[in-house]
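[1] Let me see the structure of the following:
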Amino acid sequence: MQSGTVYLPLSQKNSIELPDDVMSLVEAYEEAKRAEDEAVRLKDLAANQLKALLGENECGIIQNRKVFWKTVNTDRFDSTSFKADHPALYAEYVQPSTYRRFTVK
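    Here you go, the predicted model:
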């Protein structure tokens with residue numbers, strides 16, 4: 001087993017009642033999520049303003065810092081088209097993935 005790898009049991013389609021003192025964990029999670037969302041919003045706002053200043057330029061220099069906005073070219077496999085064009089071959093190579101999604105509502 002690789003260090004740091006956590007193997008979780010598969011979820012069962014049932015519900016349990018959590019103790020009332022767990023509400024502080026739910027509230028802490030929700031507050032951290034709000035702070036995370038706000039940090040991402042502020043980061044994206046700053047990035048977009050810097051991009052607007054850079055325009056078509058790849059690099060901007062301010063004091064001893066450099067800001068880059070480079071064009072990147074990459075080749076990506078179009079699995080949707082491949083599946084449509086070669087469904088049998090796609091089925092032969094597709095590997096199912098299982099994970100547990102965590103949400104708080």
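[2] Mind checking what helix or strand follows the helix ranked longest in the chain in sequence?
    In terms of residue count, the longest helix belonging to the chain (DSSP state H) is helix 23-54. Once helix 23-54 ends, the next helix or strand along the chain (criterion: DSSP states H and E) is strand 59-62.
[3] which residues touch the helix or strand following that next one?
    Next along the chain after strand 59-62, taking DSSP H and E as the criterion, comes strand 65-68. With contacts defined as C-beta atoms under 8 Å, 6 or more residues apart in numbering, strand 65-68 is touched by 50, 54, 58-61. Quick note: C-beta positions are derived from backbone N, CA and C, even for glycine.
[4] can I assume Tyr29 is in contact with Phe102?
    No. The criterion here is C-beta atoms under 8 Å, and Tyr29 misses it with Phe102 at 9.2 Å.
[5] Between the two, which has more neighbouring residues?
    Set Tyr29 next to Phe102 and count neighbours by other C-beta atoms under 10 Å: Tyr29 wins out with 12 against 6.
[6] need the contact list for the more buried one.
    Tyr29 touches Val104, counting by C-beta under 8 Å, 6+ apart.
[7] go again using 10 Å as the cut-off
    Contact analysis of Tyr29 by C-beta atoms under 10 Å, 6 or more residues apart in numbering lists 102, 104.
[8] How about the contacts made by the closest residue to Phe82 other than its chain neighbours?
    Counting by C-beta to C-beta, 6 or more residues apart in numbering, Phe82 lies nearest to Tyr90, which is 5.8 Å off, once chain neighbours are set aside. Counting by C-beta under 10 Å, 6+ apart, Tyr90 makes contact with 79-80, 82-84.
[9] just the buried members of these?
    If you count burial by 16 or more other C-beta atoms under 10 Å, none of the contacts of Tyr90 comes out as buried.
[10] Show the pLDDT at the residue most central in space within the chain.
    Residue closest to the mean C-alpha point of the chain, counted by C-alpha atoms, centre = their mean, is Val40 at 11.7 Å. Model confidence at Val40, given as pLDDT, is 98.
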